[in-house]
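> Turn this into a model:
(4 chains)
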There are 2 protein chains.
Amino acid sequence: MRSGHIGVRCDRLQRNLRARRASFFGIGFWFNICECSETRRPIARFWSGSSGRSSRSEASLAETIHPFIRALEQYDVLNEAERAALTALPLQIRIFGKNAEIVREGSRPTHSCLLLEGFAARAQVLSDGRRQITNLHIPGDFVDLHGLLIKRMDHSVIAFVDCKMAFVPHDAVRALIDEHRHLSRLFWLTTLVDAAIDRAWITSLGRRPAIDHLAHLLCELYVRLRGRGLVSGNSFAFGATQTELGDVLGMSTVHVNRTLQDLRKLGLVEWEGGRVTIIDFERLAERAEFDPAYLNQWIEAR
Amino acid sequence: MRSGHIGVRCDRLQRNLRARRASFFGIGFWFNICECSETRRPIARFWSGSSGRSSRSEASLAETIHPFIRALEQYDVLNEAERAALTALPLQIRIFGKNAEIVREGSRPTHSCLLLEGFAARAQVLSDGRRQITNLHIPGDFVDLHGLLIKRMDHSVIAFVDCKMAFVPHDAVRALIDEHRHLSRLFWLTTLVDAAIDRAWITSLGRRPAIDHLAHLLCELYVRLRGRGLVSGNSFAFGATQTELGDVLGMSTVHVNRTLQDLRKLGLVEWEGGRVTIIDFERLAERAEFDPAYLNQWIEAR
DNA sequence: CGCGATGTTGACATTCATCAACTCGTGTGG
DNA sequence: CCACACGAGTTGATGAATGTCAACATCGCG
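The predicted structure follows:
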């Protein structure tokens, strides 16, 4: 029943948990704070701007939260007061290297975090070292809004690639949603859309063969990223390894590799150098039975 | 790749979608309203109390919402004003026969529904007729709170067994949460706990072998039902067929049957006559790596 | 008594995981 | 500059997990 789990663990250790050399990330300087001795993963790197000696102008600081405001505006129009309140949120910016743990399973966060650049993932790890990623988050997502209401994290949030995060104290979020009922509903809605994505994942995992599952995931990412203006032409950056993709799809690395080849042979997708190109979205969506309606919600009342 | 889907559809039609003869359900009288001609499923049966000529006393009407209040009190203490507001909610009670569709995929509900008796399920159906159940709901769950904020249902809600539901107009829910900030947070929390359950399902589907997956599901149901006072001794009512259980677990009926036998042979579980008995919860939870923390949330601020 | 729903079983097919080996590119230290 | 290690992708051989099909058993019910 469980033969080979040790082998899996070795595979993971060899392939996944090794720290990447620090590479320059986007704008701003950052530096490594510490590195986990067991897994050799960098834990967190703080953006120099968060330590008080900010080198950025007021204007650019106000723009920092822009991806998030843009995301909320997918769901409803914001008025000036709401935009101002969001812009006034006290943010602490941090950069996380690939595979860094942003929120630890079992912890009790005091801040919520939202994703500004990169991809973050929620992950649950089994005792044998295998893990399952239960959500993927894209820039603009209020990744850890859950932590505001949920006592104890049932999962970790990890940096799927290098990530720029903004941390907001829970008190500030609470004050915001107490003051702005409409924003409170929008925040709630974002967690409900996350839940709809979860349901689609459950259906893919339970009832779709590997190739359809992968196709569905790529359709989902394509539509979500397009909504945030992160698709150019018909391609988007997605710097996941095949092993990591296996953790998303609940598949082995080898099977991911072969499934990806099938999708390429069908002329539906290209995937090269951390960039995914959707060659034929129509056919891809048809194969996956992908219906984007669950992603395009619109709140109906202020 | 897809051989046998027709066979599956036949299996489903034969085994699942056939209407059950109406059986007397709990307290109160009900009558069949209509029956879907295609699937022969009973669609809805209205409790006579909801048609205006109520035969129940005021006291029992007030008690109707009690399972829901009890559920909310798992997460935080309610004050008298909140209990009164909940009790004052305008409820329309309906009984649904097993397999009846409570909320249709693609519809735009005007009422939210909460489950008073029975089991309800969220289900997504693929074009070949196979379906995946993405959530199970137990008495006291605010099953379709999502519909308040989400424009269009991405899934159906079905009566997993005979169900007694209460429908509340969205306007009433909105008025309630506008008036009672604390209740609004509790409602939000219940949807977040649902999401935590989704994540656990994703992990089970992706990374657990069938027997562990089933064990995890039974642990989850046991803990959730115990929280609502619906476990007697160490057993609870769960009137699912093995085919339906397959739709929950993403497995074939045959494999459910064999997995269940394995669990029985291990002396962990008995399942007979619509009643599940957990013989050894400790060992069952250990095998499934089940940690109930994600179910036992407690809100931290009013 | 017969029918239909459900549970059960065996034989077989398919999907997917596992293991081991190889390639390729990149960065690093001698 | 080269040798080397390492991460990542790829491939083939094999086995385990699970699905599919067909048949039969059991039971409640009309």
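
> Where do the domain boundaries of chain A fall?
Domain assignment for chain A by automatic domain parsing gives A:2-195, A:208-295.

> and these as CSV, adding distance to B:His146, mean pLDDT and mean neighbour count?
Just so you know, the C-beta spots here come from the backbone N, C-alpha and C atoms, and that holds for glycine as well. Shown next, in CSV, are these (distance: least, CB to CB, whole Å; pLDDT from 0 to 100; neighbours: other CB atoms under 10 Å in any protein chain shown):
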stretch, distance to B:His146, mean pLDDT, mean neighbour count
domain A:2-195, 5, 75, 18
domain A:208-295, 11, 96, 18
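
> can you list these in JSON lines and add distance to B:Arg226?
As requested, the domains of chain A are arranged in JSON lines below (distance: least, CB to CB, whole Å):
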{"stretch": "domain A:2-195", "distance to B:Arg226": "19"}
{"stretch": "domain A:208-295", "distance to B:Arg226": "29"}
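
> Quick one: closest of those domains to B:Gly118.
Between B:Gly118 and these, the shortest gap by CB to CB is with domain A:2-195, which sits at 22.2 Å.

> So for B:Ile65, which of the domains of chain A sits nearest?
Among the domains of chain A, domain A:2-195 comes nearest to B:Ile65, with 21.9 Å by CB to CB.

> show me where chain A has strands.
In chain A, the strands defined using DSSP state E lie at A:30-35, A:42-47, A:92-96, A:101-103, A:111-117, A:120-125, A:131-137, A:156-159, A:163-169, A:235-237, A:269-272, A:275-278.

> For B:Glu105, find the nearest of these.
Using CB to CB, the nearest of the strands of chain A to B:Glu105 is strand A:131-137, at 22.1 Å.

> which residues are in contact with the closest one?
For strand A:131-137, contacts defined as CB atoms under 8 Å, 6 or more residues apart in numbering or on different chains pick out A:12, A:115, A:119-126, A:143, A:155, A:160, A:194, A:197-198, A:201, A:221, A:244, A:247-248, A:250, B:198-199, B:202-203, B:206-207.

> A:Gly118 against A:Ala159, yeah?
Yes: using CB atoms under 8 Å, A:Gly118 is in contact with A:Ala159, at 6.5 Å.

> quick revisit: near DNA strand C, which of the contacts of strand A:131-137 show up?
With the criterion set as CB under 7 Å from any atom of the strand, the members of the contacts of strand A:131-137 near DNA strand C are A:Gly250.

> Pull up the gap between the residue nearest to A:Thr259 when sequence neighbours are not counted and A:Leu249, please.
Take A:Thr259 and drop its neighbours on the chain: the residue closest to it by CB to CB, 6 or more residues apart in numbering or on different chains is A:Ala210, 4.6 Å away. Separation of A:Ala210 from A:Leu249 (CB to CB, to the nearest Å): 7 Å.

> got the contact list for the nearest residue to A:Phe96 once chain neighbours are set aside?
The shortest distance from A:Phe96 to any non-neighbouring residue, by CB to CB, 6+ apart, is to A:Ala159 (3.9 Å). Applying CB under 8 Å, 6+ apart, we find A:Ala159 in contact with A:Phe96, A:Gly97, A:Lys98, A:Asn99, A:Ala100, A:Glu101, A:Ile102, A:Gly118, A:Phe119, A:Ala120.

> so where do the helices sit in chain A?
Assigned by DSSP state H, the helices in chain A fall at A:5-15, A:58-64, A:66-72, A:80-87, A:146-149, A:170-179, A:181-207, A:210-227, A:242-249, A:253-265, A:281-288.

> Format these as TSV; extra columns: distance to DNA strand D.
Shown next, in TSV, are the helices of chain A (distance: least, CB to the nearest atom of the strand, whole Å):
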stretch	distance to DNA strand D
helix A:5-15	5
helix A:58-64	29
helix A:66-72	26
helix A:80-87	36
helix A:146-149	28
helix A:170-179	34
helix A:181-207	8
helix A:210-227	12
helix A:242-249	4
helix A:253-265	4
helix A:281-288	17
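
> and B:Tyr294, which of those is closest to it?
Closest among these, once you apply CB to CB, is helix A:146-149, at 10.7 Å.

> so how far is the closest one off the chain centroid?
17 Å (CA atoms, centre = their mean, to the nearest Å).

> Just list the residues touching the nearest residue to A:Tyr294 once chain neighbours are set aside, thanks.
Leaving aside its chain neighbours, A:Tyr294 sits nearest to B:Asp154 (3.7 Å; criterion: CB to CB, 6+ apart). Neighbouring residues of B:Asp154 by CB under 8 Å, 6+ apart: A:Ala196, A:Arg199, A:Ala200, A:Asp291, A:Ala293, A:Tyr294, B:Glu105, B:Gln124.

> Distance check, the fifth one against DNA strand C.
Applying CB to the nearest atom of the strand, to the nearest Å, the value for A:Ala293 to DNA strand C is 25 Å.

> and what of the third one?
For A:Ala200, the distance to DNA strand C equals 17 Å [CB to the nearest atom of the strand].

> Which residues of the stretch 151-300 of chain A lie near chain B?
Where the stretch 151-300 of chain A comes near chain B, counting by CB under 8 Å from any CB of the partner chain, the residues are A:151-152, A:154-155, A:174, A:178, A:181, A:184-185, A:188-189, A:191-196, A:198-203, A:205-209, A:211, A:249-250, A:289, A:291, A:293-294, A:297-300.

> rerun that using 7 Å as the cut-off
Contact residues (CB under 7 Å from any CB of the partner chain) of the stretch 151-300 of chain A with chain B: A:151-152, A:154-155, A:174, A:178, A:181, A:185, A:188-189, A:191-192, A:194-196, A:198-199, A:201-203, A:205-207, A:209, A:250, A:289, A:293-294, A:297-300.

> So A:Asp262 is in contact with A:Pro209, correct?
No: using CB atoms under 7 Å, A:Asp262 makes no contact with A:Pro209, being 10.2 Å away.

> hmm, back to that, between the contacts of A:Ala159, which is nearest chain B?
Distance to chain B across the contacts of A:Ala159 (CB to the nearest CB) is lowest for A:Ala120, with 14.5 Å.

> who does the closest one bridge with?
Applying DSSP bridges to A:Ala120 yields these beta-bridge partners: A:His137, A:Ala159.

> A:Glu101 is in contact with that one, correct?
No: counting by CB under 7 Å, A:Ala120 sits too far from A:Glu101 to count as a contact (10.6 Å).

> joint contacts of those two?
Shared contacts of A:Ala120 and A:Glu101 (CB atoms under 7 Å, 6 or more residues apart in numbering or on different chains): A:Ile158.

> How about A:Arg83, nearest residue that isn't a chain neighbour?
Nearest non-adjacent residue to A:Arg83 (CB to CB, 6+ apart): A:Ile69, at 6.3 Å.

> give me every residue that touches that neighbour.
A:Ile69 neighbours (CB under 7 Å, 6+ apart): A:Leu78, A:Arg83, A:Leu86.

> Can you name the residue of the stretch 51-200 of chain A nearest to DNA strand D?
A:Lys98 (7.9 Å; CB to the nearest atom of the strand).

> Looking at the stretch 101-250 of chain A, what residue ends up closest to DNA strand C?
Closest point on the stretch 101-250 of chain A to DNA strand C, by CB to the nearest atom of the strand, is A:Ala210, at 3.6 Å.

> What residues does that residue make contact with?
A:Met251, A:His255, A:Thr259.

> With A:Phe290 instead?
Contacts for A:Phe290 were tallied using CB under 7 Å, 6+ apart; they are A:His216, A:Cys219.

> Any figure for the gap between it and DNA strand C?
As judged by CB to the nearest atom of the strand, A:Phe290 and DNA strand C stand 17 Å apart.

> what are the phi and psi angles of that residue?
Per-residue torsions, A:Phe290: phi -90, psi 120 (degrees, to the nearest 10).

> again, but for A:Thr110
Per degrees, to the nearest 10, the backbone of A:Thr110 is at phi -110, psi -10.

> which one is it nearest to, not counting chain neighbours?
Nearest to A:Thr110 is A:His170, by CB to CB, 6+ apart, at 5.9 Å.

> what's across from A:His111 in the sheet?
Going by DSSP bridges, A:His111 forms beta bridges with A:Pro169.
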